[in-house]
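Enquirer: no sequence on hand, only this structure:
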């Protein structure tokens, strides 16, 4: 069993790969019941979960699959199988099912919240559109009555009755507005001129380098590129020829006049848009949100998972479980072993050099010798404790030793401390140092 999820992925990747000629492949993971395999799979599960979360960066509520991916789920299930207790397998299954149902539940309730937000947005849009229509209605009516009569243009307080006279002043005002809005927010507007009593406003599209012209009522827009705008700057021309800039200026003013003439059509378009918004709002309001269809199943699985988890936690803290853990610890101590770094059994060159050994075999030999010393020390200590317990059972509070005679003591541990002098105790504690091993 490897330490890294990547090793498992690579092992399976040699099977699930391009060019594999086998339609079906069976992957078997062998574990030993009651062994350290449980811990190993638990470590791989935790690492895989963390790595997948980092890769995914975030999880949206619409997602249903396990956050850690297939590798995490497989590691959790194998870890449960290695315990030999089917309840742990059931716990992993419930955790996976609850996680998926939780994601579905979040998606369901977020859909409801999106519906509520959409209702509020549509209500705001309808109110704004109605207000625009109320303002636009008389203006559009006036534009329709005006027909094709020349537009009355006013620039900087000066009125022009003819387009040819108003074109260049209007173009100059448009250029001035475009330059004044440099590095300003794209939503900021400034007045350019008036046409038939309505203010022409301009805003700068800095991203695309355009001047956007519109009226101060709901209307269509005209986007003027920077090149077309600066083409209206007056230039010299041959005698008798019309400057190109004059034609460009008249074309710019004509586009604004077309916006004004389009007001009746824009009123019609805006009315249709309002009808569509109201229809969508009615449909959304009449569609009552449904309850979460898996609510009962989720509640039942949550309750089962909570009950099972509490039961397993209580059992792991019971006297029987603690006694089994203590017995396992005693067996390890009797063998001279202790929880630690598995690298001691497979030392790296750096670890060998750190402890002054020429190679891995020498390091392993020293480590085994340290284990033997710890086991011998434990057996001696255990023998003294057994004898002290036996003599203390007489109830007189005395323990006899051949070297120290009768000792007054309250417990077997006190007897051990008196029988084993301080030098021997210190040597026992540091025996491993003689083999170059750190406790």
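Expert: Structure's in. What do you need? Quick caveat: nothing in here was measured; it's all calculated off a predicted structure.
Enquirer: any stretches of the stretch 151-300 of the chain with poor pLDDT?
Expert: Low-confidence segments of the stretch 151-300 of the chain, defined by pLDDT under 70: 236-244.
Enquirer: what segments of it are helices?
Expert: Applying DSSP state H, counting those that start in this stretch to the stretch 151-300 of the chain gives helices spanning 163-180, 226-230, 244-261, 263-286, 295-316.
Enquirer: residues in contact with the fourth one: which ones?
Expert: This points to helix 263-286. Applying Cβ atoms under 8 Å, 6 or more residues apart in numbering, the contact partners of helix 263-286 are 115, 118-119, 122-123, 125-126, 129-130, 132-133, 136-137, 139-141, 143-144, 215, 217-220. The C-beta positions use only the backbone N, C-alpha and C, and glycine is treated the same way.
Enquirer: now residue 310: how far from residue 316?
Expert: Look at residue 310 and residue 316: by Cβ to Cβ, to the nearest Å, they are 11 Å apart.
Enquirer: are any of the contacts of helix 263-286 buried, and which?
Expert: 122, 126, 129, 132-133, 136, 139-140, 143, 215, 217-219 (16 or more other Cβ atoms under 10 Å).
Enquirer: what's the farthest-apart pair in those residues?
Expert: Put simply, by Cβ to Cβ the two of those set farthest apart are 122 and 143, 29.2 Å from each other.
Enquirer: excluding its backbone neighbours, what's nearest residue 218?
Expert: Nearest non-adjacent residue to residue 218, counting by Cβ to Cβ, 6 or more residues apart in numbering: residue 132, 4.0 Å away.
Enquirer: can you check the pLDDT for the one you found?
Expert: Residue-level confidence at residue 132 comes out at 93, pLDDT.
Enquirer: tell me what the lengthiest helix in the chain is packed against?
Expert: The single longest helix within the chain, with elements called by DSSP state H, is helix 86-146. Contacting helix 86-146 under the criterion 3 or more Cβ pairs under 8 Å, 6 or more residues apart in numbering; DSSP states H and E are the following elements: helix 69-82, helix 263-286, helix 295-316.
Enquirer: grab the longest strand from the protein for me.
Expert: In terms of residue count, the longest strand belonging to the chain (DSSP state E) is strand 198-205.
Enquirer: other SSEs contacting it?
Expert: Applying 3+ Cβ pairs under 8 Å, 6+ apart, one finds that strand 198-205 contacts helix 163-180, strand 190-195, strand 210-215.
Enquirer: okay, those, which one's buried deepest?
Expert: Taking mean count of other Cβ atoms under 10 Å as the contact definition, the stretch among those with the greatest mean neighbour count is strand 210-215, which reaches a mean of 21.
Enquirer: chain center to that one: distance?
Expert: Mean C-alpha position of strand 210-215 versus that of the full chain (Cα atoms, centre = their mean, to the nearest Å) differs by 42 Å.
Enquirer: look up how far residue 43 lies from residue 37.
Expert: On the measure of Cβ to Cβ, residue 37 and residue 43 end up 11 Å apart.
Enquirer: follow-up on the earlier one: tell me the angle the longest helix of the chain makes with strand 198-205.
Expert: Counting by axes from the mean of the first three to the mean of the last three Cα atoms, to 10 degrees, helix 86-146 points 140 degrees away from the direction of strand 198-205.
Enquirer: roughly how far is helix 86-146 from the heart of the chain?
Expert: Relative to the chain's own centre, helix 86-146 is displaced by 22 Å; criterion: Cα atoms, centre = their mean.
Enquirer: which one is residue 335 nearest to, not counting chain neighbours?
Expert: In space, and not counting its chain neighbours, residue 335 is closest to residue 375: 5.8 Å by Cβ to Cβ, 6+ apart.
Enquirer: give me the neighbour count for residue 362.
Expert: Close neighbours of residue 362, defined as other Cβ atoms under 10 Å, add up to 15.
Enquirer: the helix or strand it falls within: how far from the chain's middle?
Expert: In this assignment (DSSP states H and E), residue 362 forms part of helix 360-392. The gap between where helix 360-392 is centred and where its chain is centred comes out at 51 Å by Cα atoms, centre = their mean.
Enquirer: also stretch 17-27?
Expert: Distance of stretch 17-27 from its chain centroid, counting by Cα atoms, centre = their mean, is 33 Å.
Enquirer: stretch 139-151 now?
Expert: Relative to the chain's own centre, stretch 139-151 is displaced by 57 Å; criterion: Cα atoms, centre = their mean.
Enquirer: and the gap between residue 272 and residue 278?
Expert: Per Cβ to Cβ, residue 272 is found 11 Å from residue 278.
Enquirer: and residue 168, by the same measure?
Expert: Taking Cβ to Cβ, one finds residue 168 at 46 Å from residue 278.
Enquirer: and residue 288, by the same measure?
Expert: Applying Cβ to Cβ, one obtains 19 Å for the distance of residue 288 from residue 278.
Enquirer: to what extent is residue 153 buried, counted in neighbours?
Expert: One way to gauge burial is a neighbour count; for residue 153, by other Cβ under 10 Å, it gives 24.
Enquirer: low pLDDT regions in the stretch 301-439 of the chain?
Expert: Low-confidence segments of the stretch 301-439 of the chain, defined by pLDDT under 70, are located at 340-342, 385, 387-439.
Enquirer: ok, back up a step: just list the residues touching the residue nearest to residue 335, thanks.
Expert: Going by Cβ under 8 Å, 6+ apart, residue 375 touches 333-336.
Enquirer: just the buried members of those?
Expert: When neighbours are counted using 16+ other Cβ under 10 Å, the contacts of residue 375 contain these buried positions: 333, 336.
Enquirer: turn the contacts of residue 375 into JSON lines, columns for distance to residue 187.
Expert: JSON lines is the format used below for the contacts of residue 375 (distance: Cβ to Cβ, whole Å):
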{"residue": "333", "distance to residue 187": "76"}
{"residue": "334", "distance to residue 187": "80"}
{"residue": "335", "distance to residue 187": "77"}
{"residue": "336", "distance to residue 187": "78"}
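Enquirer: nearest to residue 371, of the contacts of residue 375?
Expert: The shortest approach to residue 371 among these belongs to residue 336, at 3.6 Å (Cβ to Cβ).
Enquirer: doesn't residue 213 make contact with residue 221?
Expert: Yes: look at residue 221 against residue 213 with Cβ atoms under 8 Å: they come within range, at 6.8 Å.
Enquirer: which neighbours do these two share?
Expert: Residues touching both residue 221 and residue 213 comprise residue 259, with contact defined as Cβ under 8 Å, 6+ apart.
Enquirer: all good on my end, thank you.
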